[in-house]
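In: need a 3D model of the following:
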Amino acid sequence: MSLGELGQHAPHPFFGVKDDCLTVAGTSLLDIAAQAGRTPFYAYSRAYLSERVAALRSTLPAGVHLHYAIKANPMPDLVRHMAPLVDGLDVASAREMRVALDAGMRPELISFAGPGKTPAELEAAVAAGIVLNVESELEIERLAEIARRTGARPQVAVRVNPDFELKTSGMKMSGGPKQFGIDAERVPAALAQIGRLPLAFVGFHIFSGSQNLRAEAIVEAQQKAVALAIELARTAPAPVKILNIGGGFGIPYFPGEKPLDLAPIAANLQQLVGTARTALPTAQLVIELGRYLVGEAGIYVCRVLDRKISRGHVFLITDGGLHHHLAASGNFGQVLRKNYPVIVGNHVRGTAREVASVVGPLCTPLDLLADRMELARAEVGDLIVVLQSGAYGLSASPLGFLSHPAPAELLV
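Out: The predicted structure is shown next:
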């Protein structure tokens, strides 16, 4: 029996139910909990990760290069699993860069983005030989100084802040004033600056938004990104080798949301591959995905410590909470709080059901994992599972808040 058959928030093809207990790629949640040795913990499915990449590759045109954005989930074991499945890795800090290199990815297939790279991070990236997505004129000058001092020739791509945005995206990262990238109208001057300096120009990075479930919005943004890159390439100091048009592919979290339809995106990319091949013959067309590749592969599991009734309402108090999974608490970008898909993992269907709220151990009303959800009746010791937890989970949470122990992480 699948979770989809039980009417959960979103489809979970690699998660099933056996003897009323959640299974992950065929393994019982109780066995996974025994492997973890404690709660709370995150668990990620190797099989799901591999299948997700394979399914995406079977849909998208062969001319599109696929990069994994480590910021979605930087767990070293997970990155090592992903590295041979994808064509490159994108990082946003020196620590993520180290994880990418340790995973065996070739340096020239790693790119480093972020609006506030420190001088030490720039030094380390240049020494490693990875591609730097420059986000300001000052960053360009800093890299040139490193090049003069070390004799290296840093590989740079210009991150562009276009005058368009990814419509209906969860987070808009372009259009209007933004801390990300160089405004499109200033890029020609930045390209001229790069041409005068001991830097190796390799291409463009145009990332306009994330977590989008509307294929037509993604298609429009990709078309505009390629057209902009072709225009900007006319003043580039060298041929474009890399054209990273970002990602934005979303996954469903909440009731009523449907999975992203890849068919129109694939058809559009097929056309864009041809357009780029003609206008930018040396360029690799890259899409950069994080959440879409790993988000549905993970679960967050915590244990019920107490069951209490306050004025007729059931509260399940657990050893996990917002300090481990900020997104599920609704405090990571939600304007109006909505429940992530949450189940009682060892009683998925349950012979008795009830409306309950799942809360953590923290001394704040914000520590809420499920608000008045229908769940199987849970008792002390039962396991609460937050699905769709493979991306922006542990690493996006305030782990030090109130000094509770960190959760375990494992790849199963």
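
In: please count neighbours and contacts with C-alpha atoms only from this point.
Out: Fine.

In: ok now the longest strand seen in the chain, how far from the chain's centre?
Out: Across the chain, the strand with the greatest residue count (assigned by DSSP state E) is strand 298-310. Chain-centre distance of strand 298-310: 26 Å, with CA atoms, centre = their mean, to the nearest Å.

In: that strand pairs with which strands?
Out: Here strand 298-310 has these sheet partners by DSSP bridges: strand 41-44 (antiparallel), strand 313-318 (antiparallel), strand 383-386 (antiparallel).

In: the helix or strand Ala157 falls within - contacts with which helices or strands?
Out: Per DSSP states H and E: Ala157 is located in strand 155-161. Under the contact criterion of 3 or more CA pairs under 8 Å, 6 or more residues apart in numbering; DSSP states H and E, strand 155-161 touches strand 131-134, strand 182-183, helix 187-195, strand 200-205.

In: where's that strand relative to the chain centroid, distance-wise?
Out: 20 Å.

In: now that strand against strand 200-205, angle please.
Out: Using axes from the mean of the first three to the mean of the last three CA atoms, to 10 degrees, the inter-axis angle of strand 155-161 relative to strand 200-205 is 30 degrees.

In: strand 155-161 pairs with which strands, parallel or anti?
Out: strand 131-134 (parallel), strand 182-183 (parallel), strand 200-205 (parallel).

In: for the protein, give me the ranges with low pLDDT.
Out: Applying pLDDT under 70 to the chain picks out residues 1-13, 165-178, 180.

In: could you chop it up by domain?
Out: 4-45+295-411, 106-289 (automatic domain parsing).

In: next, format those domains as CSV and append distance to Arg80 and mean neighbour count.
Out: Output for the domains of the chain, formatted as CSV (distance: least, CA to CA, whole Å; neighbours: other CA atoms under 10 Å):
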stretch, distance to Arg80, mean neighbour count
domain 4-45+295-411, 11, 19
domain 106-289, 13, 19
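
In: which residues sit in contact with Ile343?
Out: When contacts are counted by CA atoms under 8 Å, 6 or more residues apart in numbering, Ile343 touches Leu375, Ala376, Ile384, Val385, Val386, Leu387.

In: what do you get if the cut-off is 10 Å, keeping everything else the same?
Out: Taking CA atoms under 10 Å, 6 or more residues apart in numbering as the contact definition, Ile343 lies against 3, 8, 22, 301, 349, 370, 373-376, 378, 383-387.

In: that one sits in which helix or strand?
Out: strand 342-344.

In: in its sheet, what does that strand sit against?
Out: Assessed with DSSP bridges, strand 342-344 is paired to strand 383-386 (antiparallel).

In: contacts for the strand it pairs with, please.
Out: Counting by CA under 10 Å, 6+ apart, 21-22, 29-30, 33, 39-42, 298-305, 316, 318-320, 325, 328, 339-348, 358, 369-370, 375, 378 sit against strand 383-386.

In: thanks again, I'm all set now.
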